[in-house]
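S.K.: Predicted coordinates and the sequence they were generated for:
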Amino acid sequence: MRLLIASLLAIASFLSPLTGLAQSADVEATIDAVDVDTLTLMLDDGETYQVPEEFNFEGLEAGVRVVVYYTEIDGDRVVDDLEIVK
């Protein structure tokens with residue numbers, strides 16, 4: 001039984017750094033710029049957010065307040081979801 005627990009702890013400690021590669025978060029900010037060609041949003045927090053190809057840019061323009069749910073992958077912020085704050 002001790003060997004099993006020790007093995008599980010060793011595996012868990014080995015795999016724990018892998019969870020740091022993709023971190024989910026959210027931010028509420030105002031859009032500074034929308035670039036449909038490069039599929040990016042620049043927010044007033046100074047960060048650029050990548051959006052998927054099928055992303056709907058309708059209603060998004062500079063000055064619109066949004067909540068962006070994103071995952072950080074290799075230093076890039078990739079949008080998972082976006083809500084317009086009214």
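M.R.: All right, it came through fine.
S.K.: and the gap between Thr71 and Asp37?
M.R.: 23 Å (C-beta to C-beta, to the nearest Å). In this view, the C-beta of every residue, glycine as well, is placed from N, C-alpha and C.
S.K.: pLDDT weak spots in the chain?
M.R.: Where the chain drops to pLDDT under 70, the residues are 1-23.
S.K.: where along this structure do the strands fall?
M.R.: 22-35, 40-43, 48-50, 65-73, 76-84 (DSSP state E).
S.K.: Gly59 is nearest to which of these?
M.R.: strand 76-84 (6.1 Å; C-beta to C-beta).
S.K.: Could you check that closest one and say which residues are buried?
M.R.: For strand 76-84, the neighbour count (16 or more other C-beta atoms under 10 Å) marks Arg77, Val79, Leu82 as buried.
S.K.: how near is the closest residue to Gln50 other than its chain neighbours to Val27?
M.R.: Excluding the flanking residues, the one nearest Gln50 by C-beta to C-beta, 6 or more residues apart in numbering is Val78, at 4.9 Å. Per C-beta to C-beta, Val78 is found 13 Å from Val27.
S.K.: so what sits against both of those two?
M.R.: Here Val78 and Val27 have Tyr70 as joint contacts, going by C-beta atoms under 8 Å, 6 or more residues apart in numbering.
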